[in-house]
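A.B. asks: structure of the sequence below:
(one chain, ligands or ions: 1)
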Amino acid sequence: MLNLAILASGRGSNMVSLVEAVKKKDLPVKIVAVVTNKIGAPCLDKADSLGIPSYCLLPKDFSSRFEYDQALAEFLLEKGVDTICLAGFMWLLGAEFVSRFRGRILNIHPSLLPAFPGLEAQKQALSYGVKISGCTVHFVDEGLDSGPIILQETVPVLTFDTVESLSERILVKEHEIYPRALELLALGKLKVFGRQVEIMK
Ligand code: GAR
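C.D. replies: Okay, the predicted model is just below:
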């Protein structure tokens, strides 16, 4: 049984898709907490209405990124968390945090990594003029959106796409592959060899 925390900064639609998948598929996952770094983030209300305890830990209450990461790690460990899903969590976790949960942190990113890491991935894809984009679920390492890739899904980029229309199309796929990746992790079906993630039958 995984003891999972979901970290989110905004709308929380990926958080909702993870919670619903755990319930619907009766996955061996206990969702211990939803944690945000933004005051009044909509994901908090969504977590409440799903019956998941939600918490707000604000960077402004800490003197450095390192201290914030440390407080966050300790908070999660106190709650018994052993696995973390980043779901639109706009904060680059430092190396020490990552090493405390190595191989146990997943992230979803709205591009086909390694293309367009970082902020505004959909805008980057449109500006570059790619014809295909998509989303990626990956393990988190010390870099920016750089850890081993678990699942990817593609979407076409259409001639008259805006950031909003492309983001919407990608989001539909995000809600498919993130729960699937969590399921694979929970069922012990992911084996990591360097950069390769093997999915066991
Ligand atoms: C999602 O599109 C997610 O892929 C993206 O933020 C959005 C959060 O939406 N994450 C990143 O860009 C991380 N680099 P949500 O709050 O509705 O899940």
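A.B. asks: enumerate the residues of this structure near the ligand.
C.D. replies: Within the chain, the positions adjacent to the ligand are 8, 10-14, 87-88, 108-110, 121, 171, 174 by Cβ under 6 Å from any ligand atom. Every residue, glycine included, has its C-beta placed from N, CA and C.
A.B. asks: drop anything exposed from those residues.
C.D. replies: Among the residues of the chain next to the ligand, those classed as buried by 16 or more other Cβ atoms under 10 Å are 8, 10, 12-14, 87-88, 108-110, 121, 171, 174.
A.B. asks: among those residues, name the ones in helices.
C.D. replies: Taking DSSP state H, the ones among those that sit in helices are Ser13, Asn14, Ala121, Leu171, Glu174.
A.B. asks: and the third one, how close does it get to Val22?
C.D. replies: Separation of Ala121 from Val22 (Cβ to Cβ, to the nearest Å): 26 Å.
A.B. asks: and Thr159, what element?
C.D. replies: Using DSSP states H and E, Thr159 is not contained in any helix or strand.
A.B. asks: next, give me the two most distant ones among the ones in helices among the buried ones among the residues of the chain next to the ligand.
C.D. replies: The largest separation in these, counting by Cβ to Cβ, is between Ser13 and Ala121 at 15.8 Å.
A.B. asks: Lys173 and Val137 touch, don't they?
C.D. replies: No. Taking contacts as Cβ atoms under 8 Å, Lys173 lies outside contact range of Val137: 10.4 Å.
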